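A.B. asks: next comes the sequence, and after it the predicted model I'd like to discuss.
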Amino acid sequence: MASEFDFIIVGGGCAGLVLATRLTEDPSLSVLVIEAGEDLTADPRVNVPAMWTQLQGTSADWSFKTVPQKELGGRELSLPQGRLLGGSGALNGMNFVVTSKANLDAWSELGNPGWDWESFSKAFNKTYSLTTPSKHGEKGGPIQVTIPDEDSKWPEAWRDTWAGLGFPVDNNPMSGNITGAVTYPDSIDPTTKTRSFSGNAYLPSASSRPNFTLWTATLVNKIVFDTSDGIVATGVQYTKDGATKTVSARKEVILSAGTINSPKILELSGIGDAALLRSLGIDVVVDNPHVGENLQNHPFCAISFETVDDSEEGYDTIDSLSRGDTAALGAAMEAYTTKKTGPFSKTNCNQMAHIPVPGITTPQVRHELTQLLESTKHSQVNIGNKTAPAFAKAHESFVHSLLNSATEASGYYLSLPGWAYYAPDGNLGPIPAGGSERYFTIAVILSHPLSRGSVHITTSSPSDPHLAIDPNYLSHPLDIEILARHAQFLESTLATSGLLGERLKLDGKRSPGAPPGPWAFEGDLDTVQKFLRETATGAMHYTGTCSMMPRGMGGVVDPELKVYSVKRGLRVCDASIMPLTTRGNPMATVYGIAERGAEIIKASLQTQVPG
Ligand SMILES: Cc1cc2nc3c(=O)[nH]c(=O)nc-3n(C[C@H](O)[C@H](O)[C@H](O)COP(=O)(O)OP(=O)(O)OC[C@H]3O[C@@H](n4cnc5c(N)ncnc54)[C@H](O)[C@@H]3O)c2cc1C
């Protein structure tokens, strides 16, 4: 086993394998990827879209848990993260969702030149090839993304309803400007109808090159530094098969271990809040209290509605499959294996909508919003006591600008023709046994939360799974107010309008805890807020713990992704560097970050003095 490489990438996930593929394009560079999990790229639980939830809770999942969430009735929520080749991209829900232009431009305005929408898009466009029902393989990047053929009437009902409510429904999913309904692609190969992710789309190119090395089932414990002339990262310490060793990096160590594990590795290596590190007996290399802070995630609520029980063709749901009905499973399997069609071949969840504050164009809601923004202005309560005032101000001003806009979204709506119930611990609960009803689920996600949390180590042991993960959901008073308005709109307006209103049973069964009738939320935001505190959970969209922004604002990395105060040899490149979370699901943006990161690293090699 070689003990020295030019680059060591920690984490073979979404970002790590993109970086490795791009860096090994230069045959003069040797690249090692160290991945804690196994290679399951041939496993059907990774590949068959309908099996995407099957790896959660297994050894391929870090299976984290949050600390009790004060604003959610003290609930602790499960927090899956992929521990396998391809990372969370190998077990995620495959929604390939592009973030907004406003979101990226706000990253740049924080003090990150080169990370505006225009520059980012150039890198992002290298990541994917888009296939739609009418066009094959547009663009040409390795990740195959597919808008599936529509084989039911639900997508039409979704669009019809939003159109009736006055929203555009023909949005281009790859554009950064979307208001209204949108059909997103799945990260699924259009030919094989299997998951397309960094583990099978990028990795094969890297693996075919002699300058690429991959170690799986190997845990990186910490980064090794030489501090004799400034702080220089020289390699990593790792454990494999019970033996702990060191491997050297001639040029750089790049952390791509994800939003939870990248700050963990930094802290274990002595980069973090000096007081915390000393209390755990860790030598301080860089005192930066912002490591592990600014954890952002989207809170959401989902309501499953029973559908009308006529048998009109085209309104079938996936509920018989969820109930394990043998005939339905057989037919779905047959369609998948012989024709690569049917419910096993797609996410069934790609009809979405990006919606501004409901009623924003009416004088009354404008007035209420103005008052709300004023009364919650500068709310620093419970939103991370280490947040730098300059960042708190910039974050608030960004979110306020979106909330005040009639075209920028604050709520992100997802739909699924079938039951989807998130239990109080955040895990998907089973469909009620015994019945034969069909359901349609609508979820709403708060796109731009102001609540910020943190993730920190609690011991100095790299193998200790107990981290203090606190997303601090709904701790900013504005978040619950805005999410409640969207949940109210979902329940009282969306679900009762247009073709959806015709298909959903007004007095039918609902998810546990959901209000018993279509108008239960009307005019009563307190009831909605109570419902959210009891039932809301977090999406799996963790970002921000090694934020890219000026050091004085709370940055951990600079715009070249270099860790502050480290003279040479250490960058972070993954979802953790996002200073402001994405408008929707983050995977597509993470792939873009990795392509942009690779460009930056390659450019820096041109200017490096040899030796
Ligand atoms: C259940 C679930 C569903 C999701 N659904 C969607 C979706 O539908 N659409 C979407 O856009 N996003 C979704 N996401 C989020 C998305 O998958 C992540 O944002 C994305 O994968 C983050 O990429 P990353 O490179 O930062 O981290 P990851 O892809 O998680 O990669 C990090 C890698 O580092 C490895 N690693 C960590 N620590 C160490 C260590 N000490 N030593 C060695 N290796 C280490 C991990 O094992 C992992 O393989 C979902 C996430 C989950 C968990």
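C.D. replies: Right, received. Where do you want to start? Numbering: from 1, shown residues only.

A.B. asks: where does Ser108 land in three-state SS?
C.D. replies: Secondary structure state of Ser108, per DSSP: H, G, I helix; E, B strand; the rest coil, is helix.

A.B. asks: what distance do you get for it to the ligand?
C.D. replies: Ser108 sits 20 Å away from the ligand when distances are taken as C-beta to the nearest ligand atom, to the nearest Å. (C-beta placed from N, C-alpha, C; glycine too.)

A.B. asks: what's the closest non-adjacent residue to that residue?
C.D. replies: Among residues not flanking Ser108 along the chain, Asp116 sits closest, at 3.8 Å (C-beta to C-beta, 6 or more residues apart in numbering).

A.B. asks: now do the contacts for the one you found.
C.D. replies: Taking C-beta atoms under 8 Å, 6 or more residues apart in numbering as the definition of contact, the neighbours of Asp116 are 104-105, 107-108.

A.B. asks: which of these tops the neighbour count?
C.D. replies: When these are compared by neighbour count (other C-beta atoms under 10 Å), Leu104 ends up highest, at 27 neighbours.

A.B. asks: mind listing what Lys193 touches?
C.D. replies: Counting by C-beta under 8 Å, 6+ apart, Lys193 makes contact with 49, 336, 340-341, 344-346.

A.B. asks: do Pro363 as well
C.D. replies: In this structure, Pro363 makes contact with no residue, judged by C-beta under 8 Å, 6+ apart.

A.B. asks: for the stretch 301-450 of the chain, what are the low-confidence residue spans?
C.D. replies: Screening the stretch 301-450 of the chain residue by residue with the criterion pLDDT under 70, one finds the ranges 311, 380-385.

A.B. asks: that one: helices as residue ranges?
C.D. replies: Assigned by DSSP state H, counting those that start in this stretch, the helices in the stretch 301-450 of the chain fall at 319-322, 326-334, 363-375, 389-403.

A.B. asks: Asp507: which of these is closest?
C.D. replies: Of all the helices of the stretch 301-450 of the chain, the one in closest proximity to Asp507, counting by C-beta to C-beta, is helix 319-322 (18.8 Å).

A.B. asks: nearest spatial neighbour of Thr543, skipping sequence neighbours?
C.D. replies: Met578 (4.1 Å).

A.B. asks: residues touching the spatially most central residue of the chain, list them.
C.D. replies: Central residue of the chain (C-alpha atoms, centre = their mean): His541, 2.8 Å from the mean position. By C-beta under 8 Å, 6+ apart, the contact set of His541 is 297-298, 581-582, 585-586.

A.B. asks: what's the biggest strand by length in the chain packed up against?
C.D. replies: Using DSSP state E, we find that the single longest strand of the chain is strand 243-255. Other elements packing on strand 243-255 under the criterion 3 or more C-beta pairs under 8 Å, 6 or more residues apart in numbering; DSSP states H and E are strand 4-10, strand 219-226, strand 232-240, helix 258-268, strand 570-572, helix 587-607.

A.B. asks: dump those into JSON lines; add mean neighbour count and distance to Tyr439 as well.
C.D. replies: What follows is the helices and strands packed on strand 243-255, written out as JSON lines (neighbours: other C-beta atoms under 10 Å; distance: least, C-beta to C-beta, whole Å):
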{"stretch": "strand 4-10", "mean neighbour count": "24", "distance to Tyr439": "42"}
{"stretch": "strand 219-226", "mean neighbour count": "20", "distance to Tyr439": "41"}
{"stretch": "strand 232-240", "mean neighbour count": "19", "distance to Tyr439": "46"}
{"stretch": "helix 258-268", "mean neighbour count": "26", "distance to Tyr439": "32"}
{"stretch": "strand 570-572", "mean neighbour count": "27", "distance to Tyr439": "41"}
{"stretch": "helix 587-607", "mean neighbour count": "21", "distance to Tyr439": "26"}
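
A.B. asks: which one of these lies nearest to Gln529?
C.D. replies: For those, the distance to Gln529 is smallest for helix 258-268, at 27.5 Å, taking C-beta to C-beta.

A.B. asks: show me what that closest one packs onto, helices and strands only.
C.D. replies: By 3+ C-beta pairs under 8 Å, 6+ apart, helix 258-268 packs against strand 219-226, strand 243-255, strand 453-457, strand 467-470.

A.B. asks: winner for burial among those strands?
C.D. replies: Highest mean neighbour count among the helices and strands packed on helix 258-268 (mean count of other C-beta atoms under 10 Å): strand 453-457, with a mean of 25.

A.B. asks: and the residue lying closest to Asp287 once chain neighbours are set aside, how many neighbours?
C.D. replies: Leaving out its chain neighbours, the residue that sits closest to Asp287 by C-beta to C-beta, 6+ apart is Ala274, at 3.9 Å. Residue crowding around Ala274 was assessed by other C-beta under 10 Å; the count is 15.

A.B. asks: picking up where we left off before, of the contacts of His541, which pair is most distant in space?
C.D. replies: Asn297 and Asn585 (11.5 Å).

A.B. asks: the two - which one has more neighbours?
C.D. replies: Taking Asn297 and Asn585 together and counting by other C-beta under 10 Å, Asn297 has the greater number of neighbours (28 against 25).

A.B. asks: ok, the more buried one - contacts?
C.D. replies: For Asn297, the residues meeting the contact criterion (C-beta under 8 Å, 6+ apart) are 449, 453, 471, 473, 538-539, 541-543, 581.
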